[in-house]
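Fold the following.
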Amino acid sequence: MIRIATAVLAIAGACFAMNAALAVSADDVKWINQCVKDNRSLASHEVVLKYCTCMVNKMDESETQSVTQWEKKHVAERKACDKEAGWK
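Model (predicted):
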């Protein structure tokens, strides 16, 4: 429960930092947390969180694939989120 609350606060902070007004559902938090877990060793936590939040926001609400699966078929979206998050 604390982990989810922390993730929601972190996502809200990331959204504020990106000047975006976004609604974050419990399902979004689940996908973002999984994405962060999948990518945690690839960049700083802040960059990964921004990237994952961006990707989840680009995905359709009815999407059943993980971010890791989805990004493989959506290269333009991945590149846009790489840039937005400052991924190097």
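
And the helices in the chain?
For the chain, the helices defined by DSSP state H cover 2-17, 26-39, 45-58, 67-71, 75-85.

Give me the helix or strand of the chain that scores worst on average pLDDT.
Every helix and strand in the chain was compared by mean pLDDT, DSSP states H and E; the lowest is helix 2-17, with a mean of 56.

how near is the closest residue in space to T68 that isn't next to it in sequence to K50?
Counting by C-beta to C-beta, 6 or more residues apart in numbering, T68 lies nearest to D38, which is 4.9 Å off, once chain neighbours are set aside. In this view, the C-beta of every residue, glycine as well, is placed from N, C-alpha and C. Between D38 and K50 the computed distance is 15 Å (C-beta to C-beta, to the nearest Å).

Just want to know which of the two has more residues nearby.
In this view D38 and K50 are compared by other C-beta atoms under 10 Å, and K50 has more residues nearby, 24 against 15.

How about that one, nearest residue that isn't a chain neighbour?
Computed as C-beta to C-beta, 6+ apart, the closest residue to K50 that is not its neighbour in sequence is A85, at 3.8 Å.

you'd agree that neighbour is up against M55?
No - at 9.1 Å, A85 does not count as touching M55 under the criterion of C-beta atoms under 8 Å.

that older thread, mind listing what the residue nearest to T68 touches?
By C-beta atoms under 8 Å, 6 or more residues apart in numbering, the contact list for D38 reads 66-68.
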